[in-house]
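*Asks:* Below are the sequence and a predicted model; questions follow.
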Amino acid sequence: MYDTATQTATSTPELHLISDNSPLTLSQLRTASEICQQAVESVKARDADVKAQQLDSEFALPAANWSYDAPNEFVRVFRRLAQCDPTDIAHLRGFSQVFSGYNLYRTAPGAGLTTFNMEFGAGFDAALQAGLEQRNGPFVEEWKRLTKGLPPEAILRPAAMLGEVGHEIDGVIINNDTCTYQERVNLIVQSGLLAWLKARGPNLRICEIGGGYGALCRWFLSALPGVSYTIIDLPESLIFSQIYVTLSCPEGVAQFIPNYQAERLKQPFDLVINTLSMSEMSEYQVRTYLRFMKTRWLQQGGIFFEQNQNNLHMGLLAAEDIIATELPHRKKLREGATLRNGSPNLWSLEPINLHEKPSTWRRLIRSFGA
Ligand SMILES: C[S@@+](CC[C@H](N)C(=O)[O-])C[C@H]1O[C@@H](n2cnc3c(N)ncnc32)[C@H](O)[C@@H]1O
C-alpha cells in the first residue's frame with residue numbers, strides 16, 4: 001500500500017525467508033551449470049590466453065585487493081560456487097558478502113565473517129529468521145526514507161529467488177543490500193541521469209566495470225527495456241552476476257566479459273559505471289580502463305558514473321583522484337551528503353548538461369544546419 005499524502009509505503013513488512021523464494025527449475029539449474037563451467041574454463045584459460053593473445057598481464061590478472069594473495073575470500077567462494085551444487089546456487093545471495101561487504105544470512109556487516117564455508121544444516125533457517133527479526137528493522141526504515149516520493153520505475157526490486165531474504169513491503173524484499181543499491185539508483189534518477197539516458201533514444205548501451213552480483217544491472221534492465229548491458233569483471237566474479245542476472249531477468253540483453261578481454265570492446269557506450277571497485281584495483285588497471293574510455297567507450301558524449309571510497313588508508317587507491325587527472329569534465333553528485341558508500345561523480349569527455357539535449361543530438365542538429 002502507498003500513502004499518497006506522505007508518499008511512503010505503508011504496508012506492514014512481513015518476513016521473506018528462503019522458503020518464500022521461487023524454487024529453481026531444472027532448466028535454470030542447467031543454465032547455472034553451464035555458466036559455472038564457462039567461468040571455470042575462463043579462469044583456467046586466463047594465463048594461456050594472456051600469453052597467446054599477447055594481452056597486458058598487468059591489466060589482465062586480478063590485482064590489489066582482488067589479487068590471489070590478498071586477504072579476501074573471493075577465490076574460495078568462487079571455487080565453492082564453481083561446483084554448482086543446486087543448494088548453493090539456491091543460496092547465491094548468501095555468498096555475495098565479498099561484493100556488498102554485508103553478510104546477508106547473519107544480518108551483520110561482513111568484517112571478520114566468511115561465507116565460503118557456510119553450511120545449511122538444521123537450525124539454519126531458525127537462526128536466519130531470528131537475525132532478521134532482531135536486526136533487519138532499521139533497513140526497512142531506511143528504505144522507506146530512500147524510496148519516499150520515487151516513481152515505481154525507480155524502485156529497486158530484488159528478485160525473489162537465489163536466496164534473497166529480508167522484510168517484504170509491496171513485493172520489495174528489503175535488507176542492507178537493497179538500501180545500498182537503492183541509494184545508488186536514487187543518485188542515477190535524482191541527478192537526471194536516467195532521464196538523460198532515455199532522451200538519448202533507443203539502442204542504449206551501458207557498460208559496468210566490476211558489477212558485483214549484478215544488482216544494478218538487474219535494475220537497469222527493468223528501468224530501460226531494450227538496453228544492452230555489458231558487465232566486465234574478473235571471471236571469478238562473473239559467475240555471480242551471470243547466474244543472478246540470467247536467471248532472474250532472462251528477457252534482458254546482458255553480456256558478461258572477463259576483464260582480461262575488455263580490450264575486445266571497441267564500440268562506444270552511453271554510460272559506463274564503476275562503483276566501489278576502482279579504489280580496490282591497481283592504479284595501472286584503473287588508468288587502462290580510463291584509456292579505453294577516452295579512446296573508445298566515451299567517444300560519443302557518453303557519461304561515466306562512478307562512486308568509490310578513498311582507500312588510501314588501506315594502502316589502496318582513491319580512484320576519483322586518478323580519474324580527475326584523466327577525464328576533463330566532472331559533476332560531483334550530492335556533495336557534502338552522508339551516503340552509505342563512497343563519493344559519487346559523473347565524468348565525461350564533454351561538458352555535462354543532464355538537463356539539456358544530449359550532445360550527440362546537438363552535433364546531429366548542427367550537421368543538418370538547423
Ligand atoms: C566491492 S565489489 C563492488 C561490486 C559492485 N560494483 C557494488 O558496488 O556493489 C568490487 C568489484 O570489482 C571487481 N573487480 C576487481 N578487480 C577488477 C578488474 N581488474 N576489472 C574489473 N572488475 C574488477 C570485483 O570482482 C567486484 O565485482
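*Replies:* Looks like it came in fine. A quick note: this is a predicted structure, and the numbers were derived from the prediction, not measured.
*Asks:* If you count neighbours, what's buried in the host helix or strand of residue 321?
*Replies:* Using DSSP states H and E, residue 321 maps to helix 319-324. Neighbour-count burial for helix 319-324, counted by 16 or more other Cβ atoms under 10 Å, picks out 319, 320, 322, 323. In short, each C-beta sits where N, CA and C put it, glycine included.
*Asks:* Give me the neighbour count for residue 46.
*Replies:* Using other Cβ atoms under 10 Å, residue 46 has 22 neighbouring residues.
*Asks:* so it, which of the three states?
*Replies:* What DSSP: H, G, I helix; E, B strand; the rest coil gives for residue 46 is helix.
*Asks:* And what about residue 339, helix, strand or coil?
*Replies:* coil.
*Asks:* Looks like it contacts residue 183 (just checking).
*Replies:* Yes: at 6.3 Å, residue 339 and residue 183 qualify as touching, with contact defined as Cβ atoms under 8 Å.
*Asks:* which of the two has more neighbours?
*Replies:* residue 183 (19 against 15).
*Asks:* doesn't the more buried one fall inside a strand?
*Replies:* No: judged by three-state DSSP, residue 183 forms no part of a strand; its state is helix.
*Asks:* residues contacting it?
*Replies:* Going by Cβ atoms under 8 Å, 6 or more residues apart in numbering, residue 183 touches 146, 339, 340, 341.
*Asks:* coming back round to it: any chance of a markdown table for the buried residues of helix 319-324, columns distance to residue 218 and pLDDT?
*Replies:* Shown next, in a markdown table, are those (distance: Cβ to Cβ, whole Å; pLDDT from 0 to 100):
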| residue | distance to residue 218 | pLDDT |
| --- | --- | --- |
| 319 | 24 | 98 |
| 320 | 26 | 97 |
| 322 | 29 | 98 |
| 323 | 26 | 98 |
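*Asks:* chain center to stretch 59-70: distance?
*Replies:* 19 Å (Cα atoms, centre = their mean, to the nearest Å).
*Asks:* Sort out which residues of it are buried, please.
*Replies:* Applying 16+ other Cβ under 10 Å to stretch 59-70 flags 59, 60, 61, 62, 63, 64, 65, 66 as buried.
*Asks:* Give me the residues contacting that stretch.
*Replies:* 46, 50, 72, 74-75, 234, 236, 259-260, 262, 280-282, 284-285, 288, 311, 314, 316-317.
*Asks:* Can you verify my assumption that residue 347 contacts residue 302?
*Replies:* No: the criterion here is Cβ under 8 Å, and residue 347 misses it with residue 302 at 9.8 Å.
*Asks:* sorry, back to before: mind picking the lowest-pLDDT entry from the contacts of residue 183?
*Replies:* Scanning the contacts of residue 183 for pLDDT, the smallest score is found at residue 341, 91.
*Asks:* Which residue comes closest to it once chain neighbours are left out?
*Replies:* By the measure of Cβ to Cβ, 6 or more residues apart in numbering, the closest residue to residue 341 outside its immediate chain neighbours is residue 276, 5.6 Å from it.
*Asks:* Could you list which residues are in contact with the one you found?
*Replies:* With Cβ under 8 Å, 6+ apart, residue 276 has these contacts: 210, 212, 307, 308, 309, 341, 342.
*Asks:* Same check on residue 168?
*Replies:* Residue 168 neighbours (Cβ under 8 Å, 6+ apart): 13, 14, 15, 16, 20, 174.
*Asks:* Which one (most neighbours) among these?
*Replies:* residue 174 (27 neighbours).
*Asks:* Could I get the phi/psi values of that residue?
*Replies:* Per-residue torsions, residue 174: phi -110, psi 130 (degrees, to the nearest 10).
*Asks:* Residue 283 now?
*Replies:* According to degrees, to the nearest 10, residue 283 has phi -60, psi -40.
*Asks:* what's the burial count for it?
*Replies:* 14.
*Asks:* Equivalent analysis for the one 4 residues further on, please.
*Replies:* Neighbourhood size, residue 287 [other Cβ under 10 Å]: 15.
*Asks:* can you tell me how far it sits from residue 66?
*Replies:* Note on residue 287: its distance to residue 66, by Cβ to Cβ, to the nearest Å, is 16 Å.
*Asks:* Please list which of the contacts of residue 276 also come close to the ligand.
*Replies:* Under the cut-off given by Cβ under 6 Å from any ligand atom, the ligand has 210, 212 from the contacts of residue 276 close to it.
*Asks:* which two in the contacts of residue 276 are spaced the farthest apart?
*Replies:* For those, the farthest-apart pair by Cβ to Cβ is 212 and 309; their separation is 14.4 Å.
*Asks:* the more surrounded of those two?
*Replies:* When residue 212 and residue 309 are compared for neighbours, residue 212 comes out ahead with 24 against 20, by other Cβ under 10 Å.
*Asks:* In a strand, the more buried one, correct?
*Replies:* No: assigned with three-state DSSP, residue 212 falls outside any strand and is coil.
*Asks:* Most neighbours out of the contacts of residue 183, which is it?
*Replies:* residue 146 (20 neighbours).
*Asks:* What are the phi and psi values at that residue?
*Replies:* The phi/psi pair for residue 146 (degrees, to the nearest 10) is phi -70, psi -30.
*Asks:* neighbours around the residue nearest to it when sequence neighbours are not counted, how many?
*Replies:* In space, residue 146 comes closest to residue 182 once its chain neighbours are excluded; the distance is 4.8 Å by Cβ to Cβ, 6+ apart. Residues near residue 182, counting by other Cβ under 10 Å, number 26.
*Asks:* so residue 182 touches residue 143, yeah?
*Replies:* Yes: the pair residue 182 / residue 143 is scored as a contact, 6.4 Å apart, by Cβ under 8 Å.
*Asks:* low-scoring pLDDT stretches of the protein, where are they?
*Replies:* Judged by pLDDT under 70, the chain has its weakly predicted residues at 1-10, 71, 356-370.
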